[in-house]
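In: pasting the structure only:
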Ligand SMILES: [Zn+2]
């Protein structure tokens, strides 16, 4: 069970990291906004940043998901965190929390890298797929996960 979970974590961490890096690179030249239904909170991606925008009043509230589409922007890349309170005359004010996308990629990469490294260093005599102890097992098939090529048995 734990082996299944670990493998899922490893792969989803890897895929998420790659996705975040692609979004990060793409956000240098383009921006977009997504807003869940019935929400005052929207997520914006621009210039290396994930912005969480929280409006004070809900005049933009809608019944459905809103997706702005991709818009081109002049190339910008910012690296740091920030929070901004944005009062605009005639517009609802909002709080903007900016999280750099590289930081999110690092958060998903760290556990994935750790799990990959752990699996790579697995000792001989253990199943390469699930880590089950195969010393004394002559069948060549792991009884735990069914992996057919466990070998690397110590002689
Ligand atoms: Zn196994």
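Out: Okay, I see it. Values in this document were obtained by computation on a predicted structure and should not be read as measured data.

In: got the residues of this protein near the ion?
Out: In this structure, the chain approaches the ion at residues 127, 129-130, 132, 142, 144-145, 147, judged by C-beta under 5 Å from the ion. (Glycine included, C-beta is placed from N, CA and C.)

In: and the pLDDT at residue 100?
Out: Per-residue confidence at residue 100 stands at 98 (pLDDT).

In: ok, now which ones touch it?
Out: 48-50, 78-81 (C-beta atoms under 8 Å, 6 or more residues apart in numbering).

In: and the residues you listed, which are buried?
Out: Buried subset of the contacts of residue 100 (neighbour count, 16 or more other C-beta atoms under 10 Å): 48-50.

In: closest to residue 72 among these?
Out: Nearest to residue 72 among the buried ones among the contacts of residue 100 is residue 48, at 15.5 Å by C-beta to C-beta.

In: and the closest residue in space to the closest one that isn't next to it in sequence, which of the three is it?
Out: Among residues not flanking residue 48 along the chain, residue 77 sits closest, at 4.4 Å (C-beta to C-beta, 6 or more residues apart in numbering). Residue 77 falls in the coil class when you classify it by DSSP: H, G, I helix; E, B strand; the rest coil.

In: check residue 42 too.
Out: Under three-state DSSP, the three-state class of residue 42 is strand.

In: residues of the longest helix anywhere in the chain that come out buried?
Out: Taking DSSP state H as the assignment, the helix of the chain that covers the most residues is helix 2-26. For helix 2-26, a neighbour-count test (16+ other C-beta under 10 Å) marks 6, 10, 13-14, 16-17, 20-21, 23-24 as buried.

In: picking up where we left off before, the residue nearest to residue 48 reaches residue 25, doesn't it?
Out: No - using C-beta atoms under 8 Å, residue 77 makes no contact with residue 25, being 9.4 Å away.

In: outline the domain layout of the protein.
Out: Here the domain parsing of the chain from automatic domain parsing is 2-120, 122-155.
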